[in-house]
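K.L.:
With the sequence up front, the predicted model follows.
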Amino acid sequence: MALNLESVAEATSGAIGALVSTTVLYPLDTCKTKYQAELRTGHRQKYRHVSDVLWEAISTRRVLSLYQGLGTKNLQSFISQFIYFYGYSFFKRLYLKKSGNKSIGARDNLLVAIAAAACTVVVTQPLDTASSKMQTSEFGKSKGLWKTITDRTWREAFDGLGISLLLTINPSIQYTVFDQLKLRVLKKHNEKRGKESSPMALSAFSAFVLGAVSKCVATCVTYPAIRCKVTIQAAESEEDEIDDSDPNTRKTVLGALQSIWRREGLFGFFKGLQAQILKTVLSSALLLMVKEKITKSTWVILLAIRRILLLNRIKLKDR
């Protein structure tokens, strides 16, 4: 089946947007992940606030260690966003073609988004796990991608896959909310300017605001599962101080839930929520802003490339 150029353009622009947002906000992501991964044991708690991670990096003169694992994270972000946006765009177009509808409803939009996210998670889970391991390692002692992956079994590379599949509801909620809000905004533009002059894409500011709102909604709904996922992936890291439980039990959803509940209580499931919202909202808003602004250009470039390839093919046949 031939690739759909518009789907490829959506996927490419989304992947580029992911690279930009991941790189810009990576130090905040590292601080957030190390804070989330720590389980309080009695009165022992290394990080009382997310900012404590930053001050540790500054005081030990290891500020650059806040970027440990950036290459792996960028690789994972690029691949996952490309697969996600291509699948999302492809499945949505397929639905509209089969159903004959001009637009997709919220429920069907959500199902399409979940299907695309599930495909993405299965492919990129080893990179996601490796990235979390590298971020939660002691500053200056993070291993490279190859070493991080080969030090563990293939099965361990998929730690947290179950909860990652559960968390497909997060981007699914996010992009469903974003698309529904986007349709309403563009509809208002249609009413004001007329159909012929309706905008093809949101403005940078509108995309940023809608991206922030949609991610905030998705993060608040799914945060307890996000905390469990980080706990599972960080189990047996070099900084773990386990004294009353087997770290292997934390590699299951039930084990992670029990560990958090026993040590931190109900509010433990929401530890780091503010930092998660700040990071993910800024990241998603930036990603969607970049994506909205470059999608058209990407599509034009892809059309030009396809035309050049076709012309070359015709020349070769003529010879």
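P.N.:
Received the coordinates, thanks.
K.L.:
Wait, Cys31 touches Trp55, no?
P.N.:
No. Using C-beta atoms under 8 Å, Cys31 makes no contact with Trp55, being 9.8 Å away. Backbone N, C-alpha and C define where each C-beta goes, glycine included.
K.L.:
Neighbour count for the two, which is higher?
P.N.:
Higher neighbour count among Cys31 and Trp55: Cys31, with 25 against 12, using other C-beta atoms under 10 Å.
K.L.:
where's that one, which helix or strand?
P.N.:
Using DSSP states H and E, the element containing Cys31 is helix 5-37.
K.L.:
which residues touch the next helix or strand after that helix?
P.N.:
Counting by DSSP H and E, the element after helix 5-37 in chain order, helix or strand, is helix 50-59. The contact list for helix 50-59 (C-beta atoms under 8 Å, 6 or more residues apart in numbering) reads 27, 30-32, 34-35, 46-47, 63, 65-66, 139, 272, 274-275.
K.L.:
Kindly report the same for stretch 8-15.
P.N.:
Identification of contacts with stretch 8-15 by C-beta under 8 Å, 6+ apart yields 77-79, 81-86, 88-89, 287, 290-291, 294-295, 298-299, 302.
K.L.:
same thing but 10 Å
P.N.:
Under the contact criterion C-beta atoms under 10 Å, 6 or more residues apart in numbering, stretch 8-15 has outside partners 3-4, 77-90, 92-93, 175, 287-288, 290-303, 306.
K.L.:
which ones among those residues are found in strands?
P.N.:
In strands, judged by DSSP state E, none of the contacts of stretch 8-15 are found.
K.L.:
hmm, back to that, can you pull the residues that touch both of Cys31 and Trp55?
P.N.:
Listed as contacting both Cys31 and Trp55 by C-beta under 10 Å, 6+ apart are 47, 49.
K.L.:
between the contacts of helix 50-59, which is closest to Ile226?
P.N.:
Distance to Ile226, by C-beta to C-beta, is smallest for Gly272 among those, at 8.8 Å.
K.L.:
can you tell me how far the closest one sits from Pro171?
P.N.:
19 Å (C-beta to C-beta, to the nearest Å).
K.L.:
same deal with Gly71?
P.N.:
From Gly71 across to Pro171, the span is 23 Å (C-beta to C-beta).
K.L.:
more crowded one of the two?
P.N.:
Higher neighbour count among Gly71 and Pro171: Pro171, with 25 against 13, using other C-beta under 10 Å.
K.L.:
mind checking how far the helix or strand in which Leu310 is found is from the chain centre?
P.N.:
Using DSSP H and E, Leu310 sits in helix 273-318. Distance of helix 273-318 from its chain centroid, counting by C-alpha atoms, centre = their mean, to the nearest Å, is 17 Å.
K.L.:
what angle do that helix and helix 5-37 make?
P.N.:
Helix 273-318 runs at 150 degrees relative to helix 5-37, counting by axes from the mean of the first three to the mean of the last three C-alpha atoms, to 10 degrees.
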